[in-house]
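>>> Predicted model and sequence follow; I will ask about them next.
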Amino acid sequence: MGDSRWLSLDSSPRTWWTEIATAPEGDAVSIGASGGLFFFGGYVESAKAKAYEVLYGARAWLGKRLDARWENDPFGSSIRASREEYLQLFSEAKSQAYPEVDATEKEMGLYLNREWLDDLALHTQIVKKKETKLAYPHGRLLYSILRREIADRGLDHVTVLETGTARGFSALCMAKALSDSGVSGAIVTIDVLPHLKPQIWNCIDDHEGRKTRADLLSPWSSLTRSVLFLQGDTLRLVERVGLPRINFAFLDAQHTRKSVLAEFNAVASRQLSGDIVFFDDVTPDLFPGVVDAVNEIELRGDYAVRRLSISAQRAYAWATRR
């Protein structure tokens, strides 16, 4: 019997395949995750294609196991607030003024319909939580900045990547920007949350029973047709998503410096001059990792960075490829 080799899940699929494809017949190959979790072992035979199929099947199986916690009521199994409480939270969030966002919309010359925005926000942004006040002006910024890019560059097809789908608010704001601009395109959005499993979402719709995200967004089905919802860990998927070009990206998943930079690097490798990356939560006191990542990106010099702070709890930035 030949040698035995161990492959880490942290390796790329190409690395795995190279190891298997070049292994002498009779060698044993085991595949495991960081920390030594053993889950697959097999002998390399002359049928390399079969080994390739088994490898990807095992990887998919483990991926589902690692993401299983997000399949089991991540927002809890019971309704968080009464309809009246959700409506009160909505009224408070809706009444907030954001002069900085108003000024940015005026600069862009493009405005998102407020009635449409508020209706979407009621079902996808108004949640019961303690940490920060509810706010959804980023929907207005995403819409106006994306539309401005489309208009200024004369784009007729746009590809957008989002990390951190949540309930789908931002994805729909960007889909509406494409629709209102009259261009074709797609929004590819990634999140660990399932799209087609009924669950509690911590929103007013919970009073109508468990819903899938698809159910939650069904009133806007004309827009969701242009959105591709992918489930999985963003750091595992963002580098592997099959997009040769990303005109616009919205990064709002894991908020550590390392994670933001990893997502940004994957996007930047598929962008050209004029393409944009938008960052949420660029707030020093709450998310210093995001702030550090944006600062580092600016120092590299490949992107021109603009920042917009609307409160101590809310700040944004967008970077344009030079």
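Here it is on my side, so go on.
>>> Contact partners for Arg314?
When contacts are counted by CB atoms under 8 Å, 6 or more residues apart in numbering, Arg314 is found next to Thr132, Ala135, Pro137, Asp281, Thr283. For every residue, glycine as well, the C-beta is placed using N, CA and C.
>>> Give me the residue at the spatial middle of the protein.
The centroid of the chain falls nearest to Thr163 when counting by CA atoms, centre = their mean (1.3 Å).
>>> So which bits of stretch 314-322 are buried?
Buried residues in stretch 314-322, counted by 16 or more other CB atoms under 10 Å: Arg314, Ala315, Tyr316, Ala317, Trp318, Ala319, Thr320.
>>> Without its sequence neighbours, what residue ends up closest to the fifth one?
Leaving out its chain neighbours, the residue that sits closest to Trp318 by CB to CB, 6 or more residues apart in numbering is Phe278, at 4.5 Å.
>>> In three-state terms, label that neighbour for me.
strand (DSSP: H, G, I helix; E, B strand; the rest coil).
>>> cool, Glu84 as well?
Glu84 ends up helix, using three-state DSSP.
>>> All the helices of the stretch 101-250 of the chain, residue numbers only.
Assigned by DSSP state H, counting those that start in this stretch, the helices in the stretch 101-250 of the chain fall at 114-124, 138-153, 169-181, 213-216, 221-224, 234-237.
>>> any idea of the mean pLDDT in stretch 208-227?
Throughout stretch 208-227, pLDDT has a mean value of 97.
>>> and stretch 199-215, how far apart are its ends?
From the first residue to the last, stretch 199-215 extends over 10 Å; the measure is CA to CA, to the nearest Å.
>>> how distant is it from the center of its chain?
20 Å (CA atoms, centre = their mean, to the nearest Å).
>>> Kindly confirm my reading that Asp73 is in a helix.
No: membership of Asp73 in a helix is not supported by three-state DSSP, which gives coil.
>>> Any idea how many residues pack against the residue nearest to Glu239 when sequence neighbours are not counted?
In this structure, Glu239 finds its nearest non-sequential neighbour in Ala266, 4.6 Å apart by CB to CB, 6+ apart. Residues within reach of Ala266, counting by other CB atoms under 10 Å, total 22.
>>> is it true that Ala266 lies in a strand?
No: using three-state DSSP, the assignment for Ala266 is helix, not a strand.
>>> That one is in contact with Leu243, isn't it?
No: applying CB atoms under 8 Å as the test, Ala266 and Leu243 come out as separate, 9.7 Å apart.
>>> Which residues are in contact with the residue nearest to Trp318?
Counting by CB under 8 Å, 6+ apart, Phe278 touches Leu141, Leu142, Ile145, Phe248, Ala249, Phe250, Leu251, Tyr316, Ala317, Trp318.
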